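1. here's a sequence, model it:
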Amino acid sequence: MKPKPMDAQTIVTLLLIGMCAGCLSGFIGIGGGLLIVPALMYFLGMSQMGAQGTSLALMLPPIGALAVMNYWKAGELDIRAAGIMVIAFVLGGWLGSRFALSLNPMKVRLAFGVLMLYAAVRMIISAGRALWTP
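-> Numbering: from 1, shown residues only. Presented below is the predicted three-dimensional model:
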């Protein structure tokens with residue numbers, strides 16, 4: 001993906017996307033795929049693959065630093081579980097990106113949308129039951 005020149009509006013849009021994603025990530029543990037990918041696609045016209053790659057690249061430094069540090073300080077971090085998952089995560093990330101890049105981007109977009117819709121419906125139903133069950 002060849003980088004486009006950035007004007008002030010693009011920079012402000014990127015800053016807003018990053019701030020919203022960072023706040024949501026720190027607050028409820030989401031931000032990357034659920035917010036950043038669609039925002040980059042719809043507000044900046046990136047392709048599905050370009051948005052996914054950009055989202056993954058931006059998550060490396062902050063996830064590995066400040067956000068994790070706060071959970072560690074609060075005693076809310078299982079470093080052994082994270083260490084075990086990171087091994088599979090690295091391999092899974094490599095395999096998943098290879099697979100995604102081999103497909104038609106519209107198929108990847110469809111899969112992404114279906115997964116987000118499924119997750120949203122499950123969360124809404126679960127939260128609704130918890131709120132309205134005595």
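2. only C-alpha atoms from now on, for both contacts and neighbour counts.
-> Fine.
3. tally of neighbours for Pro134?
-> Neighbour count for Pro134, taken as other Cα atoms under 10 Å: 5.
4. pLDDT at it, what is it?
-> Per-residue pLDDT puts Pro134 at 81.
5. who are the contact partners of it?
-> With contact set as Cα atoms under 8 Å, 6 or more residues apart in numbering, Pro134 has no partners.
6. same question, Ala51
-> Neighbouring residues of Ala51 by Cα under 8 Å, 6+ apart: Ile36, Val37, Pro38, Leu40, Met41.
7. what residues of the helix or strand encompassing it count as buried?
-> Ala51 belongs to helix 48-63 when assigned by DSSP states H and E. For helix 48-63, burial by neighbour count (16 or more other Cα atoms under 10 Å) applies to Gln48, Met49, Gly50, Ala51, Gln52, Thr54, Ser55.
8. switch those residues over to JSON lines; also include pLDDT and distance to Glu76.
-> As requested, the buried residues of helix 48-63 are arranged in JSON lines below (pLDDT from 0 to 100; distance: Cα to Cα, whole Å):
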{"residue": "Gln48", "pLDDT": "82", "distance to Glu76": "34"}
{"residue": "Met49", "pLDDT": "81", "distance to Glu76": "33"}
{"residue": "Gly50", "pLDDT": "86", "distance to Glu76": "33"}
{"residue": "Ala51", "pLDDT": "85", "distance to Glu76": "31"}
{"residue": "Gln52", "pLDDT": "82", "distance to Glu76": "28"}
{"residue": "Thr54", "pLDDT": "83", "distance to Glu76": "28"}
{"residue": "Ser55", "pLDDT": "82", "distance to Glu76": "25"}
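9. residue boundaries of the helices in the protein?
-> Listed in chain order, the helices found in the chain under DSSP state H are 8-28, 37-44, 48-63, 66-73, 79-102, 105-132.
10. please identify the most buried of these.
-> Neighbour counts (mean count of other Cα atoms under 10 Å) averaged over each of those peak at helix 37-44, with a mean of 17.
11. output the contacting helices and strands for that helix.
-> Contact here means 3 or more Cα pairs under 8 Å, 6 or more residues apart in numbering; DSSP states H and E; on that basis helix 37-44 packs against helix 8-28, helix 48-63.
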